[in-house]
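> Sequence first, then the predicted structure, then my questions.
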Amino acid sequence: MERRTLHVAVYDTFADWEIGYATTVLSGSGHRAVYVGESGETVISMGGMRVEPHLSIADLRPEDSAMLILPGADAWETVLPPFAAAARRFLTAGVPVAAICGGVTGLAREGLLDDRAHTGAAAEVLAATGYRGGAHYREADAVTDGDLITAGPTEPVAFAREIATRLGVYPPEVVDAWFRLFRHSDASAYEVVAGYDAGGGDTGAGGGDTGAGGGDTGAGREGGGERAGGGSA
């Protein structure tokens, strides 16, 4: 596989809304999303989507990938070991990893946040894992530290922003405009996005920005809820 292939972890109860913006904007930029499961068996998302993985985690190799994306899930505890171990292999190989909500918690337990700047559902949620990276926690919508991207459950657009920025899929001003449009309903940003489309680009239906324009700093994340209405992580 070429390096424009993205690997997206899927497991029963994965939070489908947390990755939708990112996978769509990446597909729109010519990347290919390959879904990776514990095996080849169909998984069912938190929203009831049935996904048949393209690949089992046993066959996942960092050298085939541009990035590994880890959504949260109610069942993250049971899928943690193989996917967290895969994240360690990716980071060791210098291939980016992007995790959101429960995925971040899993990386904390794996020790991958002990010396990297990060965010997540809430500082208290990550502290409960017993990890040693509390001093590196940031109150932000999403954080990139080298090859690691993290975000909380209420920030799928900011998560996509950081992914698009890290992979350089669009010019910074387009990523910024897309984030302002979809996160803040900033109508003035539409002209930038539409102008890029008209010039032959395609921002797809999910994206982000270079960090300008901001976003929330984590409001609504208390308790680490994975569900949009407040369920468990």
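That came in fine, so what should we check first?

> Now do the contacts for E41.
By C-beta atoms under 8 Å, 6 or more residues apart in numbering, the residues touching E41 are P53. In this view, the C-beta of every residue, glycine as well, is placed from N, C-alpha and C.

> could you measure it against E162, distance?
The gap separating E41 from E162 is 31 Å, by C-beta to C-beta, to the nearest Å.

> again with T105
T105 sits 18 Å away from E162, going by C-beta to C-beta.

> Then G47?
In this view, G47 and E162 are 23 Å apart by C-beta to C-beta.

> same check, this time on A85
For A85, the distance to E162 - C-beta to C-beta - is 23 Å.

> now swap in D145 and tell me
Separation of D145 from E162 (C-beta to C-beta) stands at 10 Å.

> Looking at the two, which is more packed in?
E162 (29 against 14; other C-beta atoms under 10 Å).

> how far out from the middle of the chain is the strand or helix carrying that one?
Using DSSP states H and E, E162 sits within helix 156-167. Distance of helix 156-167 from its chain centroid, counting by C-alpha atoms, centre = their mean, to the nearest Å, is 7 Å.

> now swap in stretch 5-16 and tell me
Worked out by C-alpha atoms, centre = their mean, stretch 5-16 lies 10 Å from the chain centre.

> average pLDDT across that stretch?
What stretch 5-16 shows for mean pLDDT is 94.

> what's the first-to-last distance across it?
By C-alpha to C-alpha, to the nearest Å, the extent of stretch 5-16 from end to end equals 19 Å.

> now do stretch 50-60
Across stretch 50-60, the terminal residues are separated by 21 Å (C-alpha to C-alpha).

> Please enumerate residues in contact with that stretch?
With C-beta under 8 Å, 6+ apart as the test, stretch 50-60 has contacts from 7, 9-10, 34-45, 68, 82-83, 86.

> Same question for that stretch: list its buried residues.
For stretch 50-60, the neighbour count (16 or more other C-beta atoms under 10 Å) marks V51, P53, H54, L55, I57, L60 as buried.

> Then stretch 23-36?
When burial is assessed from 16+ other C-beta under 10 Å, stretch 23-36 yields the following buried residues: T23, T24, V25, L26, S27, G28, S29, H31, A33, V34, Y35, V36.
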